[in-house]
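Colleague: prediction below, plus the sequence it came from.
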Amino acid sequence: MLCVNCGRDNREETFFCESCGKRLPDRSLYTVMATPKIIDSKVKLMQSLCDSVKKEEISLEEFGTKISSTYDSIAADAEEIREVAKTDDYESYSSEEMDIGYRGLELWMAGLTELYSYTELLDPDLLKTGMRKIAEGNDFINKAIYFNELKRDTEGSSGKI
């Protein structure tokens, strides 16, 4: 069970995060069905860029430019989501759902920062840790999207829109 606050993967039988102590999300949301992998193509693209820079198929400058561009795009998306979330249309979404999505975006951005650091430090561990954070962020975002779709399906079947 992933903690929305700190990202730690906790044992299934726990109700509070073993790292930060925050209450874990409702298990029923996680067990309804496996979370679909919606944005995996972006993770694969980042992994491909990492592989290419390690093999020197692309320059450090080109790698840094692509990582910076992706970071700017994710940061703009995050800001747009925060602004939209302030509107009345989104008041039905729980803070838990929003926290899961925000945590995913934060992990993505932290991972991209690690990848960019590789251009200056040339430490291969930065590529590994950056990709791990991006993959974790992807999982959080997929869960948020899944919860959103599940809620929409539930509201639609009960006659609410």
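Modeller: That came through, no problem.

Colleague: tell me how far Tyr118 lies from Gly111.
Modeller: Separation of Tyr118 from Gly111 (CB to CB, to the nearest Å): 11 Å. For every residue, glycine as well, the C-beta is placed using N, CA and C.

Colleague: who's more crowded, these two?
Modeller: When neighbours are counted by other CB atoms under 10 Å, Gly111 comes out ahead of the other of Tyr118 and Gly111, with 27 against 23.

Colleague: thought that one was touching Asn138?
Modeller: No: at 9.2 Å, Gly111 does not count as touching Asn138 under the criterion of CB atoms under 8 Å.

Colleague: just checking, Lys133 touches Trp108?
Modeller: Yes: assessed by CB under 8 Å, Lys133 is found in contact with Trp108 at 7.4 Å.

Colleague: okay, those two: which has more neighbours?
Modeller: Neighbours were counted for Lys133 and for Trp108 using other CB under 10 Å; Trp108 has more, 28 against 21.

Colleague: what ranges does the chain have for its helices?
Modeller: For the chain, applying DSSP state H gives helices covering 27-31, 40-54, 60-85, 95-121, 124-157.
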